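In: Fold the following, please.
(2 chains)
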Amino acid sequence: MTQSVVVQVGQCGNQVGCRFWDLALREHAHVNKRGLYDEALSSFFRNVDSRKSYSGACCVGGRIQRLKARAVLIDMEEGVVNGILQGPLREVFDSTQLLTDVSGSGNNWAVGHLMYGSAYRESIVNTLRKTAEHCDCLQCFFLIHSMGGGTGSGLGTRVLSLLEEEFSDVCRIVTAMFPSAEDDVITSPYNSVLAMRELTEHADCVLPVENQSLVDIVNKISLMSHGAKPGCVLKKDCTVTSGHGSLSPTEKPFDAMNNIVANLLLNITSSARFEGSLNMDLNEIAMNLVPFPRLHYLVPSLTPLYTLADVNIPTRRLDQMFSDAFSKDHQLIRADPKHSLYLACALMVRGNVQVSDLRRNIERLRPSLPFVSWNQEGWKTGLCSVPPVGHSHSLLALANNTCVKPTFMELRERFTKLYRKKAHLHHYLHVDGMEQSIFSEALSSLDALIDEYHQLDATKARLTPDAPRLSIAR
Amino acid sequence: MSVVTVQLGQCGNQVGRELFDVMCSDAQDAGRKTHSTAGWERFFRQTTQGDLEARAVLIDMEPKVINHSMSRAAKSGRWRYGETSHFSQKQGSGNNWANGYRVHGPRHRDAVEELVRREVEHCDMLAGFIPMMSVAGGTGSGVGTFVTQCLRDIYPSAFVLNHLTWPYGTGEVIVQNYNSVLTLAHLYQLSDAILVHENDIVHRICSQLLKIKQISFSDINRVIAHQLGGVLQPALTPDSCGAYSRNPLGELVGALACHPEYKLLSVSTIPQMASSSIAFSTFSWPALLKHLRQMLISNTKMEEGIDWQVRPPPASAGRTRTLTAGSFNTSLANLLILRGKDVYSAETGGFGDSAIYTSWLPPDEAFSLWKSPVPFNKYEKSATLVSNSQALLRPLDDMVRKAWNMFASRAYIHQYVKFGISEEDFLDSFTSLEQVISSYTQLQC
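Out: Modelled structure (predicted):
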């Protein structure tokens, strides 16, 4: 069984991360009835007995003493991390896993990436190394951060390149929160484009998530729970909708949105943690979904987002789950994959779903989904038998689809609007090591990426014939 | 003579367990001493406490499936896997053939060879190896190919019969066609014969013949195990002089894979029905064999919906060399195994008809017949046909076509290059398989 380490950077990264750990604990508590520290738990948690010798680490199979998250929390201002340490999750982290400073990055990518990046390089690498050493077989780093700010975006991407340097054979999956157009941080387009270049070059997979989509989804859920249909009641204790039943009694404003992202992470790792008839490991995600090294932006979509309280779920509801996964409303970025070109698609199913259900739905949905000519049957499937808390089954779809192109183009628009006028540039150029060329390079990296997607899109309309086969002399 | 099974990857380990289950219960339920002893000795060994242990080595790069298979086997109470006969790592091969073949295989070569050696030492006489794997993933396909190569190197005189499970045409794994092409091309040089099951076909058997509503991988694996059991359980062969054959793999390979360009074998069994229906059905050899023969020449694996219009082309008409000439399936060689009541009176002339065979092998060399009076797996009469024919030509061609289209755009190639497989290696594999396709297409002359 492999382990994964979560690296949460910046305010957003830490808030999402916090929700993730809360949900992970609940999920394991639900499944692990005997209080034993099993393989599944060890993928995200260490078991520490403080009475034992110096490091106190316990191996798999014993009783749970104290669970410590395999996480590194980084933030350049103390508010959020202190909040976590005073909150109900304080037992799960210890001081050796934290890296904080006081003054924050001022929403400036250069401050995060260059100034703090150099200042804290040593300590970051040491903390990462220590966390990695606690792992038997480290498979993956999950990096969580936002793109629009300074710490998450700047320092987060610096951490990403450090991860590539120090742990080159460990997979790097980045969950990046992209700002919406109405973001209140004026320089968020600069920060996002500068960070994107790093993501394109150093990450193995990126799961882009847009705030606006999360807001829409949360609104939809609250519409449901406020009785849009008479007689339907939302199940209160499922992990997707809320922290109700979780450790914290009061729910902060972004909690519902962060829950969704936390669920995304839980579902991606479910097949690596629990058993199933068709396992899907984390390294298989990059292998199957990334046909060309730079095109590694995977659009996530999660169903179901809520459960109605009636327990009897006929097969029709199962099929509905599959249809929902491909609908515009369930995507975590604002895009419509059905009208763009699929390069590859992965379906990770949890719960009591059999291979015949999977095949039936793939056959049903196939005709309406445009796939690139050389990958007409490009599906990667995984079946995990353990469902998430509060549901009998769930589906996570990860699509490598050209529908990310409009999102990136919009980002480039917003960037150039500012850059043309050289607005706010001086804040960046003041920072030691920052030059204007970094801006132009980031822009051309984004341009090149958009172009690559564009090339693929252009093949959509064309009917590409089969490549001529090798002929054998007889 | 004993057979050592090597179960590789998730599929190999899951199917292998079902297979041992079938073989153990067949030997037990049959209640015929010589048959049971032969069956048990072939695939199992007895520990000092009298328990049956499978002659198997379980290999996977991650531990979940092996743990599951071992505990399920032990739970059955009738047989189990050897405590130390398994090898697993912590992290899988990531669906990457190159990772399996170039990294995991060599890295764990010594440990795996040691496990195999220990299992072989338990055999009085080694009949050969059956590596079981799928071709879609990374471990079964990549590590499986590497292990087959090791077996070949260390035991040059043992027979190696690879059992492959081909994935559903509409993906289980996106790079499945690359992995399949690389595996098949390499195995063709290493294996004595390659026995194939296709998930699509077995799925149809489950839904249309066995009437299973919600088909799971266990159902699929059970059908595969039933078909394989029909092939591998003891039988009386022409060479075995009235006793159960002591050289099953050798005789199978000798009967079917007489030419190095033709190694792909497929299996059909009849009857196949839901177990609840068996009690209400009567079977007669003429009906069973007539259906089975038509299944062979019309290339279907199910006894329902057979196309009775398909006939061997008349000898006078020139046989055309196209992939789709009619839908008549020409055979190179066939092995028919009959099990159950009145087996000696079964009339098998239809299978010796030269019209269904390619012209350059005389029917008496092309057709072999094995029998066993012991009924198999609850069927009073059952017939298994292992055939070296054009049955796999279309699926193979599809697989190569899809892989080639993907290769033409160089998609995913960087993932393989990362682990040491170059574009040249891909081209070599494609070339070998085009050769195989060409050979099978030309069976019609």
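In: Name the helix or strand for residue 396, please.
Out: Reading this off chain A. Element membership for A:Leu396 (DSSP states H and E) is strand A:393-401.
In: Switch to chain B, please.
Out: Using DSSP H and E, B:Leu396 falls in helix B:393-408.
In: May I see the buried residues of that helix?
Out: B:393-397, B:399-400, B:402-407 (16 or more other CB atoms under 10 Å in any protein chain shown). (Each C-beta comes from the backbone N, C-alpha and C, glycine too.)
In: If you count contacts, what does the helix or strand that comes right after it end up packed against?
Out: Under the assignment DSSP H and E, the closest C-terminal helix or strand after helix B:393-408 is helix B:413-417. If you count contacts as 3 or more CB pairs under 8 Å, 6 or more residues apart in numbering or on different chains; DSSP states H and E, helix B:413-417 packs onto helix B:97-98, helix B:423-441.
In: Tell me where the stretch 251-400 of chain A has strands.
Out: A:299-303, A:342-351, A:379-384, A:393-401 (DSSP state E, counting those that start in this stretch).
In: Report the inter-axis angle for the third one versus strand A:342-351.
Out: Computed by axes from the mean of the first three to the mean of the last three CA atoms, to 10 degrees, the angle separating strand A:379-384 from strand A:342-351 equals 10 degrees.
In: What residue in the stretch 251-400 of chain B comes nearest to chain A?
Out: Closest to chain A within the stretch 251-400 of chain B is B:Val400: 7.6 Å, counting by CB to the nearest CB.
In: With adjacent residues omitted, what lies nearest to A:Asn283?
Out: Distance criterion CB to CB, 6 or more residues apart in numbering or on different chains; nearest residue to A:Asn283, sequence neighbours excluded, is B:Gly94 at 3.4 Å.
In: ok, the one you found to A:Pro88 distance?
Out: Going from B:Gly94 to A:Pro88 by CB to CB, to the nearest Å gives 36 Å.
In: neighbour-wise, which of the two wins?
Out: B:Gly94 (26 against 14; other CB atoms under 10 Å in any protein chain shown).
In: Wait, that one touches A:Leu289, no?
Out: No. B:Gly94 lies out of contact with A:Leu289 (CB atoms under 8 Å); the separation is 11.6 Å.
In: what residues does the stretch 151-300 of chain B put near chain A?
Out: B:168-175, B:203, B:207, B:213-218, B:220 (CB under 8 Å from any CB of the partner chain).
In: ok, the lengthiest helix in chain B near chain A or not?
Out: Longest helix in chain B, counting residues (DSSP state H): helix B:9-30. Yes. Using CB under 8 Å from any CB, a contact is recorded between helix B:9-30 and chain A, made by B:10, B:14.
In: Any buried residues in that helix, and which?
Out: B:9-27, B:30.
In: contacting residues for the spatially most central residue of chain A?
Out: The residue lying closest to the centre of chain A (CA atoms, centre = their mean) is A:Thr175, at 3.2 Å. The contact partners of A:Thr175, by CB atoms under 8 Å, 6 or more residues apart in numbering or on different chains, come to A:16, A:142-145, A:206-207, A:209, A:261, A:264-265.
In: before we move on, the earlier item: so how far is the longest helix of chain B from its chain's centroid?
Out: Relative to its chain's centre, helix B:9-30 lies at 13 Å (CA atoms, centre = their mean, to the nearest Å).
In: Check stretch A:4-14 too.
Out: On CA atoms, centre = their mean, the centre of stretch A:4-14 falls 11 Å from the chain's centre.
In: Ok, stretch A:118-128 next?
Out: Worked out by CA atoms, centre = their mean, stretch A:118-128 lies 23 Å from the chain centre.
In: who's in contact with that stretch?
Out: Against stretch A:118-128 from outside (CB under 8 Å, 6+ apart): A:5, A:7, A:72, A:74, A:96-97, A:99, A:101, A:155, A:158-159, A:162-163, A:166-167, A:433.
In: count of residues packed around A:Val48?
Out: A:Val48 has 18 nearby residues by other CB under 10 Å.
In: one step back: could you single out the most deeply buried of the helices and strands packed on helix B:413-417?
Out: Greatest average neighbour count among the helices and strands packed on helix B:413-417 goes to helix B:97-98 (a mean of 28), per mean count of other CB atoms under 10 Å in any protein chain shown.
In: moving C-terminal of it, what's the next helix or strand?
Out: helix B:105-107.
In: Please identify the nearest residue in space to B:Asp398, excluding sequence neighbours.
Out: B:Gly169 (6.7 Å).
In: Please look at the one you found and B:Asp200 and confirm they touch.
Out: Yes. Under the criterion of CB under 8 Å, B:Gly169 makes contact with B:Asp200 at 5.7 Å.
In: got the CA coordinates for stretch A:203-217 in CSV?
Out: Only the C-alpha atoms of stretch A:203-217 are listed here, as CSV (Å, rounded to 0.1, in the frame of the first residue of the first chain):
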residue,chain,number,x,y,z
ALA,A,203,3.2,19.0,-12.6
ASP,A,204,2.2,15.5,-13.7
CYS,A,205,-1.5,16.3,-13.5
VAL,A,206,-3.5,19.4,-12.7
LEU,A,207,-7.1,19.4,-11.6
PRO,A,208,-8.3,22.9,-12.2
VAL,A,209,-11.3,24.0,-10.1
GLU,A,210,-13.1,27.3,-10.7
ASN,A,211,-14.7,29.1,-7.8
GLN,A,212,-17.7,30.1,-9.9
SER,A,213,-18.6,26.5,-10.6
LEU,A,214,-18.3,25.6,-6.9
VAL,A,215,-20.6,28.6,-6.1
ASP,A,216,-23.1,27.4,-8.7
ILE,A,217,-23.1,23.8,-7.4
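In: hang on, B:Leu52 packs against B:Ala27?
Out: No. If you go by CB under 8 Å, B:Leu52 and B:Ala27 don't touch, sitting 9.1 Å apart.
In: got any residues that touch both of these two?
Out: Between them, B:Leu52 and B:Ala27 share the contacting residues B:Trp40, judged by CB under 8 Å, 6+ apart.
In: Give me the secondary structure label for A:Val431.
Out: Counting by DSSP: H, G, I helix; E, B strand; the rest coil, the backbone at A:Val431 sits in coil.
In: now it: how far from A:Val81?
Out: On the measure of CB to CB, A:Val431 and A:Val81 end up 23 Å apart.
In: More neighbours: which of these two?
Out: Using other CB under 10 Å, the more surrounded residue of A:Val431 and A:Val81 is A:Val81, with 21 against 17.
In: Next up, the contacts around the more buried one.
Out: By CB under 8 Å, 6+ apart, the contact set of A:Val81 is A:14, A:73, A:75, A:98, A:100.
In: which parts of the stretch 251-400 of chain A sit against chain B?
Out: So far as CB under 8 Å from any CB goes, the stretch 251-400 of chain A lies against chain B at A:275, A:277-279, A:281, A:283-284, A:286-293, A:343-344, A:346, A:354-357, A:359, A:362-363, A:366, A:373-381, A:383.
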